[in-house]
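In: Got a sequence here, can you build the structure:
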Amino acid sequence: MQVSCGVDIIEIDRVKKSIENTDRFVKDIFTEKEIEYCESKRIAKYQHYAARFAAKEATFKAISRFLKNKSDISWKNIQVVNDENGKPNVEFVDVDFPQITSIDISISHSKDNAVAFVTVLYK
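Out: Numbers count the residues shown, from 1 in each chain. Below you'll find the model as predicted:
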């Protein structure tokens, strides 16, 4: 077994401005499940959008060794959903990475920043 990891941090205000200034940002980056989850957070929705954005970036970094080029995967091919206990999980949509045996993610945010760390075990 081998390990690959990825980490990303982003300013919440940067994501908030992108959402407020660009009609396409949310639709181009996030899946319907992610949008539904983030919008349910009302006043804290920007923290959750930023956290999921960081999670997608961290996941991309962790799996980049499996891609021939970066256009092999899109933002919506990576989906971050919470389990029944609230723990975030990465799901791949319309792409498959058979060499990955396990993927784990940790997400956190403060008032100003969101961060995500992804660990991938692969053959």
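In: distance between the ends of stretch 105-118?
Out: The stretch stretch 105-118 measures 4 Å between its terminal residues, going by Cα to Cα, to the nearest Å.
In: May I see the buried residues of it?
Out: The neighbour-count criterion (16 or more other Cβ atoms under 10 Å) identifies 105, 107, 109, 113-118 as the buried residues of stretch 105-118. Where you see a C-beta, it was placed from the backbone N, CA and C, and this is true even at glycine.
In: Any chance of JSON lines for those, columns secondary structure?
Out: Putting the buried residues of stretch 105-118 into JSON lines (DSSP: H, G, I helix; E, B strand; the rest coil) gives the following:
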{"residue": "I105", "secondary structure": "strand"}
{"residue": "I107", "secondary structure": "strand"}
{"residue": "H109", "secondary structure": "strand"}
{"residue": "N113", "secondary structure": "strand"}
{"residue": "A114", "secondary structure": "strand"}
{"residue": "V115", "secondary structure": "strand"}
{"residue": "A116", "secondary structure": "strand"}
{"residue": "F117", "secondary structure": "strand"}
{"residue": "V118", "secondary structure": "strand"}
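In: Go through those residues and name the one with the lowest pLDDT.
Out: When the buried residues of stretch 105-118 are sorted by pLDDT, the bottom entry is H109 at 95.
In: need the contact list for that one.
Out: Contact partners of H109, counting by Cβ atoms under 8 Å, 6 or more residues apart in numbering, are 12, 47-48, 50-51, 115.
In: Most neighbours among those, which one?
Out: Comparing these on neighbour count, A50 comes out first with 28 neighbours (neighbours: other Cβ atoms under 10 Å).
In: tell me which element that residue falls in.
Out: Assessed by DSSP states H and E, A50 sits inside helix 45-63.
In: For K41, the count of nearby residues, please.
Out: The tally of other residues near K41 (other Cβ under 10 Å) stands at 12.
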